[in-house]
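Engineer: structure for this input, please:
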Amino acid sequence: MPVIGRRAVAGVAVAVGAAALVVLPGLGNDPVPSGPSTSLERLLDSDERAEAGRPTLETVQGLAAELSDTSGDQPIDPDRVSAVVTSPGPYEVLGQLQIPAIGLDAEVGNGVDPDTLVLGPGHWPGTPVPGQVGNAVLSGHRTTHTAPFRELDELTEGDEITVSTRAGVTTTYVVTEVLVVPVEEYTGEVLAQPEDPSTRELTLFACHPEGSLTHRIIVHAQAPPA
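Structural biologist: Numbers count the residues shown, from 1 in each chain. Below is the predicted model of the structure:
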């Protein structure tokens, strides 16, 4: 199991500077809804709602048990993506992902179905929204479509990753570990939730090597306490 860097112990705070709020294109002109009406709005509705639905190690491992693999540059099996809590629907923008070290600035969709990942990185339903406590998981392609995660292997410990959601929450994470695992082991590594309930983590993953399904490259990052 090749390992690049070293994963931080859960609960250890990583000191980073405050990140400026990233304004997403078009968001400033959106009308203010009277209440949550779409799945994404409900997902971002309130801290209380998020805490009430905060995943546990058991719930995300349960999702992982329902997944299998396919061929090509597809991190999540499209034939069984409905097992990841939600079914594919109209594309919804969750927020914006920025990784200065590799020049990435891309929209993040809500979901990991093929229709979402063809447009860019996607958020794994059932894991926390970035900025919330727990381990938020994002998947993406490396060689096809927009190939947002092509240079994921160039990240190193200490690089910053910023995610801004449509709810107006901007969170900067610091990379703590980059590793490569066999395909048989990736779901447990990707979906595991921190034991410390106050820890905010972010996990990015994609197929590895580029264009192959034999392994997954995984980037773990952590934000300072809220």
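
Engineer: which helices and strands does the lengthiest strand in the chain pack with?
Structural biologist: Counting residues, the longest strand in the chain under DSSP state E turns out to be strand 170-182. Packing contacts for strand 170-182, counted by 3 or more CB pairs under 8 Å, 6 or more residues apart in numbering; DSSP states H and E, involve strand 3-5, strand 160-165, strand 200-208, strand 215-223. Placement of C-beta: from N, CA and C, glycine included.

Engineer: give the partner strands of it in its sheet and their orientations.
Structural biologist: According to DSSP bridges, the neighbouring strands of strand 170-182, each with its direction, are strand 3-5 (antiparallel), strand 160-165 (antiparallel), strand 215-223 (antiparallel).

Engineer: once you drop chain neighbours, what's closest to residue 145?
Structural biologist: Spatial nearest neighbour of residue 145, chain neighbours left out: residue 118 (4.7 Å); criterion: CB to CB, 6 or more residues apart in numbering.

Engineer: how about the contacts made by that neighbour?
Structural biologist: Applying CB atoms under 8 Å, 6 or more residues apart in numbering, one finds that residue 118 lies in contact with 141, 145-146.

Engineer: what secondary structure does residue 186 sit in?
Structural biologist: Classification of residue 186 using DSSP: H, G, I helix; E, B strand; the rest coil returns helix.

Engineer: pull the number of nearby residues for it.
Structural biologist: Residues near residue 186, counting by other CB atoms under 10 Å, number 23.

Engineer: bridged to the nearest residue to it once chain neighbours are set aside, which residues?
Structural biologist: Nearest residue to residue 186 in three dimensions, chain neighbours excluded: residue 216, at 3.8 Å (CB to CB, 6+ apart). Listed by DSSP bridges, the beta-bridge partners for residue 216 are residue 181, residue 207.
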